[in-house]
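1. Just the structure for this:
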Amino acid sequence: MSEGQVLTVNYIIGEKKTIDFDPIMLVDGKDSVVDAENLAKVKVSTKILEELQGDKVIALRYKAKKRVHTRRGHRQKLTKLQIVSIK
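-> Here you go, the predicted structure:
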């Protein structure tokens, strides 16, 4: 991830406009940091751009020769985030 990048993630419940995350791994070029002591110093700040719905997924179920069928649709709620800063 880098500053200014836009990500689409599963729906985040809340009224906040900004969210801070704790990273689990930090990669800077060829260097990577995975130990908890150094990662405790790093925060990723994001801004919620919008809440949207994903593409429709249709589930169809039927029983052969019985004239029984059901059709069900689902749209997943998503949140679009923009990375503001990595400190």
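2. what kind of secondary structure is the residue in the chain sticking out farthest from the centre in?
-> Centroid-distance maximum for the chain: Lys65 at 42.4 Å, with CA atoms, centre = their mean. Secondary structure, DSSP: H, G, I helix; E, B strand; the rest coil: Lys65 is coil.
3. contacting residues for it?
-> Listed by CB atoms under 8 Å, 6 or more residues apart in numbering, Lys65 has no contact partners. Heads up, the C-betas are built off the backbone N, CA and C, glycines and all.
4. Leaving out the residues flanking it, which one is nearest to Asn38?
-> In space, Asn38 comes closest to Leu26 once its chain neighbours are excluded; the distance is 7.7 Å by CB to CB, 6 or more residues apart in numbering.
5. Just want the phi and psi numbers for that neighbour.
-> phi -130, psi 120 (degrees, to the nearest 10).
6. what's the answer for Asn38, then?
-> Backbone phi and psi, for Asn38 under degrees, to the nearest 10, turn out to be phi -80, psi -30.
7. Kindly tell me how buried it is, as a neighbour count.
-> 10 (other CB atoms under 10 Å).
8. how near is it to Asp31?
-> 11 Å (CB to CB, to the nearest Å).
9. Nearest residue to Lys77 in space, please, no chain neighbours.
-> Spatial nearest neighbour of Lys77, excluding adjacent residues (CB to CB, 6+ apart): Tyr11 at 3.8 Å.
10. which outside residues touch the lowest-mean-pLDDT helix or strand in the chain?
-> None of the helices or strands of the chain scores lower by mean pLDDT, DSSP states H and E than strand 26-28, at a mean of 79. For strand 26-28, the surrounding residues in contact (CB under 8 Å, 6+ apart) are 32-34, 38-39, 42.
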